[in-house]
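Novice: give me a model of this one.
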Amino acid sequence: MSRIARFLAGFLLVATTLALSACVTGPTVRTDADPTANFAQYRTWGFYQPIAMEQSGYSSWASERIKEDVRKEMESRGYRYAAEGADLLVNFHADVQDRTSVWSVPRSDVQWVYNYRSRNYVAIPFWYDETVASTWREATLTVDLVDGARNRMVWTGSASAPEARRRTPEEKLATLDAAVSGIFAKYPHRGDGQP
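Specialist: Below is the predicted model:
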């Protein structure tokens, strides 16, 4: 294999990898924390009552899966579960909103004009900006950590992603798992005093 052929093969491999990785992106995660909170004091956790996603008085397959994921994340960080009197209370909710994005795309076209001198039509190019709009539905999961003693939110994280139109039950569960793990990946504290 010649040097040029190896270079082209390597280039195609890198380009394909980058293109595929651009297609498989996870949710966009944002977090915020109370700058006055002392996270070193928190050792136990529980669920806020009522959980925002269950305010109707009943749970759902989604809320039960999120609870399982939260339990795994909190316990992996050294927090102990306490049904009552926990230091940190976990609350969560989800919503879906319609989103719109608008941008301009440069375009060019040709205008045909009759030239009386040459008795022919002449093409005159012109440029313009075309406005393009895209709409989609965006799903957002928000997880709040609340100081149990003060009933005050001390940390929040949200994961947002475009809502897929058709998904299998397994894909729906995997989406919830990815959202919860993405949020907690940005939670820097532990409940066992370890860094």
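
Novice: can you pull the contacts of the nearest residue to residue 115 once chain neighbours are set aside?
Specialist: Sequence neighbours aside, residue 122 is the residue nearest to residue 115 in space, at 4.7 Å (criterion: Cβ to Cβ, 6 or more residues apart in numbering). In short, each C-beta sits where N, CA and C put it, glycine included. Shown in contact with residue 122 (Cβ atoms under 8 Å, 6 or more residues apart in numbering): 112, 113, 114, 115.

Novice: isn't the third one right up against residue 121?
Specialist: By that I understand residue 114. Yes. When contacts are counted by Cβ atoms under 8 Å, residue 114 is listed as touching residue 121 (5.5 Å).

Novice: hmm, back to that, among the contacts of residue 122, name the buried ones.
Specialist: The neighbour-count criterion (16 or more other Cβ atoms under 10 Å) marks none of the contacts of residue 122 as buried.

Novice: out of the residues you listed, which are inside strands?
Specialist: Of these, the ones assigned to strands by DSSP state E are 112, 113, 114, 115.

Novice: got TSV for these, with distance to residue 59 and pLDDT too?
Specialist: Listed next are the ones in strands among the contacts of residue 122 as TSV, based on distance: Cβ to Cβ, whole Å; pLDDT from 0 to 100:
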residue	distance to residue 59	pLDDT
112	66	86
113	69	87
114	73	86
115	76	83
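
Novice: out of these, flag the one nearest to residue 169.
Specialist: Proximity of these to residue 169 (Cβ to Cβ) peaks at residue 112, which lies at 57.1 Å.
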